Every structure is written in structure tokens, then in C-alpha cells.
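S.K.: Fold the following.
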Amino acid sequence: MTRPLAYPQEKGDPVEILGRDYYFERVDPDHAVTYRAPYGASYPDFMVDDDNGHPRKPTTADMNAIFAQDGIIFRSKPSSNESRRLARNMELDAEQCRTMDAKSPLRVAISLFCDDNCGSLSDDAMFPVIRRAVSQPGIAALNPTGWEPHPTTVREWLRERGEPGRRKPRDGVSMAGRYLRSIVSRHPVELILYHMMSACLANDRDQIQSFYDCYVADLWKVSNGKPLDRPMLVEGEDGTWSVGDKAAEYPRPSTPYKAVHYTTFWRRVRDMRTPKLFGLATTERGKRARYGGGGFSERPSFGSLCEADETPVPYVFLVDDDTGIGMGSATMTLMAECSTTALVGWDLCAEAASSASLLRTVRHANSIKEVPADLLEKFPDLPFVRLRPDRIKVDNSAGAHSRHFEDACAEAYIQVNFTGKEHPTHKGLIERTIGTILQMLFKKLPSHNYDIALMRKFGFDPDKQILCTISQARELLDRACFTYNITRHKGL
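M.R.: Numbers count the residues shown, from 1 in each chain. Alright, predicted model coming up:
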């Protein structure tokens with residue numbers, strides 16, 4: 001029985017076999033493997049010697065033997081175009097590419113047909129080839145409107161979207177609006193960025209023309225050696241531009257600077273039309289928030305993954321039930337199950353976030369809950385909302401990185417996963433849930449009569465905080481979490 005290839009391989013993948021470069025094409029039903037030589041190579045497609053001394057295509061068993069002897073090296077040639085490099089890095093399969101961009105299979109199919117049939121890239125040579133391509137049954141099924149691309153468009157596909165013989169489905173995905181285009185100008189970028197920022201801060205589309213006129217005037221001043229009479233923008237370490245203390249000065253260029261078109265300026269300001277969007281588009285963290293992500297992920301099975309996070313509750317000042325002495329601001333810890341989005345564990349304490357609060361939350365997730373009587377009467381199964389998660393996703397706080405927390409979870413066979421630095425979107429479920437619980441938490445508080453002067457000594461601020469006993473606060477948190485679990489919301 002012939003075995004399949006022992007390594008993953010897609011059509012168009014570049015590899016080096018026994019010191020020579022090839023491109024993988026297909027595996028035939030008779031288990032013959034086809035590796036094409038690069039276009040214009042001085043050697044033929046990859047062959048092996050048969051028992052009779054004649055060359056033949058290798059079988060999957062032959063390729064597995066070469067792979068076992070480290071005779072195959074996998075290579076990936078990066079694209080010269082930034083948008084196409086981003087498309088390759090998404091690592092999407094054909095179905096995901098079709099979901100993201102319905103025309104992606106059509107672009108790749110036409111490009112592959114032109115690879116095999118275009119002897120020249122002139123318009124006269126490509127027009128008949130494109131007509132033949134769109135008339136092919138397989139391509140026509142992808143093109144119900146009968147759209148016929150222009151040779152200029154197809155030439156751009158052939159040059160930028162992969163290489164002949166190794167075009168993949170993700171090479172056909174359009175990246176328009178999916179990444180931040182750099183500002184292309186024939187002068188220092190600060191000259192245009194200053195007026196774009198001013199237009200964004202004004203947040204008035206009717207004034208964009210006046211800011212564009214100021215930008216053109218600044219270019220005229222620099223080209224003629226005139227002072228700009230404005231401060232200089234300075235780029236910080238995180239990529240954020242801010243107004244500096246020094247005056248803007250530029251040497252006189254040998255050739256006068258040419259302004260970008262007004263449409264380009266207007267589109268940039270439109271995309272960054274508010275100070276918030278401008279900041280999102282110019283910082284590294286903002287690029288991740290606005291253009292990051294993409295792709296698809298499978299929904300985890302029940303109990304396989306939970307997210308936990310801690311947050312201070314600054315507007316609540318906890319008081320001891322027995323002594324009436326102030327304890328400090330509250331800290332809330334929540335754990336949500338990612339498959340059902342239900343809250344399975346929570347904790348409220350008077351100290352700062354620590355490994356102890358996280359461990360109490362994990363224990364609470366695997367404990368029978370105390371439910372308020374009115375909710376228990378309607379939902380008798382609420383006390384048994386409990387589980388031991390396989391994995392817990394936490395941030396990089398000191399409590400999560402402590403040996404106490406990691407060792408205790410390891411003894412319970414719970415894996416701890418950490419999110420990336422400054423990547424709250426890695427645990428977006430619990431981040432959204434925290435905001436919801438904070439709104440529900442302390443809507444109704446019982447009246448108390450405490451010595452305000454005494455409470456001030458423990459750090460109480462009557463202008464920003466309210467007083468609440470720790471037992472009452474925990475009861476309110478229990479009710480808020482149970483109400484969240486039984487209420488229909490977008491997460492369910």
C-alpha cells in the first residue's frame with residue numbers, strides 16, 4: 001500500500017530537492033508526484049531513476065524517503081509588495097479566502113491560465129488569452145457576470161500576486177481597506193502630516209480645502225527658502241506624532257517640492273477624520289486595533305478554555321462588617337467560559353489583584369454556588385454551574401505569573417496561557433463582560449451611617465466613592481453574575 005506524503009504540501013509551494021529548486025504541482029491517482037522546475041531553468045522537472053535506468057516521476061514513497069534523509073528544504077520567497085506579503089501571512093485556505101473575498105478564486109484562476117498561455121504581456125497578446133480564460137467552464141462558473149479584466153489588471157496580478165506555478169488562493173484576496181497604506185510623497189512626510197493632523201483635529205469636512213491650501217503654501221515656502229513659522233512634529237518611539245518645541249526648518253531643495261493631489265489629501269483626512277481615529281491609524285497599537293486580526297478560529301469545546309481577568313472597582317470603598325473599619329477600594333476578578341460565554345467563577349476583595357484572588361476565583365469556578373433565594377426558586381440548577389477548565393487565559397499581571405498560581409493550577413491539571421503584551425483583544429470576551437458586570441454591580445445599595453471623618457483616614461473619597469460592607473458587595477456581585485448568566489444577551 002502506497003502512503004501519502006509525510007509532509008504538508010500545497011500547489012505552488014517552493015522547495016529545494018537535492019540542491020535544486022522546484023515547485024510542487026500535484027499528486028496523481030497513481031501516487032506519482034510532480035515537481036516543476038522553475039521557468040527558464042537549465043534542468044527538467046524532478047525525476048528519479050527507475051530499475052531499468054530510465055527517469056520517471058517519483059512516487060510518494062520516493063519523496064518520503066528523500067524527506068526522511070533531509071533531502072527536502074521548504075522555501076518561501078517573500079513578495080515585493082507590502083499588501084501581498086500581508087495576504088500571504090494570513091495563512092487562509094481556499095474556503096476562507098472565498099468568504100473574505102468572493103472574487104479571489106477568479107483572480108487566481110485567470111492568473112494561472114495566463115501563466116500557461118501568455119507568451120507575451122502586451123495588450124494585443126493578452127486580450128485573446130483573457131477571452132479564452134473567461135470562457136473556460138471552470139472559470140466561467142466563478143464569473144457569472146462574464147466580467148473580462150483588462151490586460152493592465154491581469155499584468156498587475158501576474159507581477160504582484162505570487163509567482164508562475166505557485167499562486168495560492170490567498171494571493172487572490174483583495175487587501176483594500178485591510179491594512180494602512182503608507183503616505184507616498186516626494187517631500188518629507190512631516191510637511192503633509194502636520195496639516196492632515198490639523199484637519200483631523202478640526203473634524204470639519206468643509207475646512208479640508210483650506211488645510212490643503214496651507215499644505216501647498218508650506219511646500220512653496222520650503223522650495224523658496226522661506227520660514228514656515230510653525231512648530232515641528234516629532235515622531236515618538238511608539239510611532240505617535242506630537243507637536244515638538246522646536247520650530248519647523250527644512251533646507252531648500254534643488255528641485256521644488258510637488259504636492260500630492262487634493263483627492264489623496266481628502267481621502268486621508270476622511271479615513272482619519274477624528275483625533276481618535278488619527279491616533280488609531282498612526283500608532284502600532286492602533287494599527288493592530290484597526291487593521292489587525294482576520295482569519296477564522298474554531299469554537300472551543302465546553303470547558304476547554306476559560307478567560308480570567310482582574311479589575312479595580314474604584315467607586316466602591318469596602319467596610320468591615322463587624323468593626324466598621326474601612327478596608328479600601330474593591331478589586332473584582334471574573335472567569336468566563338469561552339464556549340458558552342457564561343461566568344463560572346468570580347471574587348471580590350479589598351486588596352489589590354494578586355495570586356490569591358486568582359486562586360479564589362479558580363476554586364469558586366469549581367464550587368457549588370450560593371444563589372439568592374428569589375433566583376434559586378426560578379432557576380434551581382444555578383448552584384451547579386461549575387467546572388474545572390483545561391486552560392485558563394490570563395494577562396501578564398504579577399499575580400498570574402506567580403509560582404503559587406502556576407503550581408496550584410499545575411497540580412489541578414490546568415494549563416495557564418498568557419496573552420501578548422498590550423493585547424487586550426486576545427481575551428476580548430472577559431474584557432467585554434467586565435464592563436457589563438460593572439454596570440450591573442452596584443445599582444442598588446443599602447443606606448449606611450458611617451463616620452465619614454474616620455473613613456477619610458483610611459483613604460475614603462466621598463466625592464468619588466460610595467461605602468459598602470464587603471459581605472453586601474459580594475452578595476451584589478453574586479446577583480449580578482447570576483443575572484448575567486440567565487439573561488439573554490449578544491454573547492449567548
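
S.K.: what's the weakest-modelled helix or strand in the protein?
M.R.: Of all regular secondary-structure elements in the chain, judged by mean pLDDT, DSSP states H and E, the least confident is helix 275-282 with a mean of 48.

S.K.: And the closest residue to L441 other than its chain neighbours, its phi and psi?
M.R.: Closest residue to L441 in three dimensions, ignoring its sequence neighbours and counting by CB to CB, 6 or more residues apart in numbering: A480, at 5.0 Å. C-betas here are computed from N, CA, C, even on glycine. Recorded main-chain torsions at A480 are phi -60, psi -40, according to degrees, to the nearest 10.

S.K.: Equivalent analysis for K246, please.
M.R.: Backbone torsions for K246, taken as degrees, to the nearest 10, come to phi -90, psi 160.

S.K.: quick one: it from W220, how far?
M.R.: K246 sits at a distance of 22 Å from W220 (criterion: CB to CB, to the nearest Å).

S.K.: Those two: which is more packed in?
M.R.: Taking neighbours as other CB atoms under 10 Å, K246 and W220 compare with W220 leading, 12 against 8.

S.K.: any idea how far that one lies from M126?
M.R.: Distance, W220 to M126, by CB to CB: 44 Å.

S.K.: again with A410
M.R.: From A410 to M126 the distance is 63 Å (CB to CB).

S.K.: quick one, which of these two is more surrounded?
M.R.: A side-by-side neighbour count of A410 and M126, using other CB under 10 Å, places M126 first with 23 against 11.

S.K.: Give the bridge partners for E16, please.
M.R.: Legend: beta-bridge partners of E16 under DSSP bridges are D21, I73.

S.K.: Wait, it touches D70, no?
M.R.: No - under the criterion of CB atoms under 8 Å, E16 is not in contact with D70, lying 11.1 Å apart.

S.K.: Which residue of the two possesses the greater neighbour count?
M.R.: Between E16 and D70, counted using other CB under 10 Å, the more crowded position is E16 (13 against 7).

S.K.: residues of stretch 204-221 that come out buried?
M.R.: For stretch 204-221, the buried set under the neighbour-count rule, 16 or more other CB atoms under 10 Å, comprises I208, F211, Y212, Y215, V216, D218, L219, K221.

S.K.: Export those residues to JSON lines and append columns for distance to D49, pLDDT and secondary structure.
M.R.: Shown next, in JSON lines, are the buried residues of stretch 204-221 (distance: CB to CB, whole Å; pLDDT from 0 to 100; DSSP: H, G, I helix; E, B strand; the rest coil):
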{"residue": "I208", "distance to D49": "70", "pLDDT": "83", "secondary structure": "helix"}
{"residue": "F211", "distance to D49": "72", "pLDDT": "88", "secondary structure": "helix"}
{"residue": "Y212", "distance to D49": "70", "pLDDT": "90", "secondary structure": "helix"}
{"residue": "Y215", "distance to D49": "69", "pLDDT": "90", "secondary structure": "helix"}
{"residue": "V216", "distance to D49": "71", "pLDDT": "91", "secondary structure": "helix"}
{"residue": "D218", "distance to D49": "71", "pLDDT": "91", "secondary structure": "helix"}
{"residue": "L219", "distance to D49": "68", "pLDDT": "91", "secondary structure": "helix"}
{"residue": "K221", "distance to D49": "74", "pLDDT": "91", "secondary structure": "helix"}
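
S.K.: Right, I'll call it a day here.
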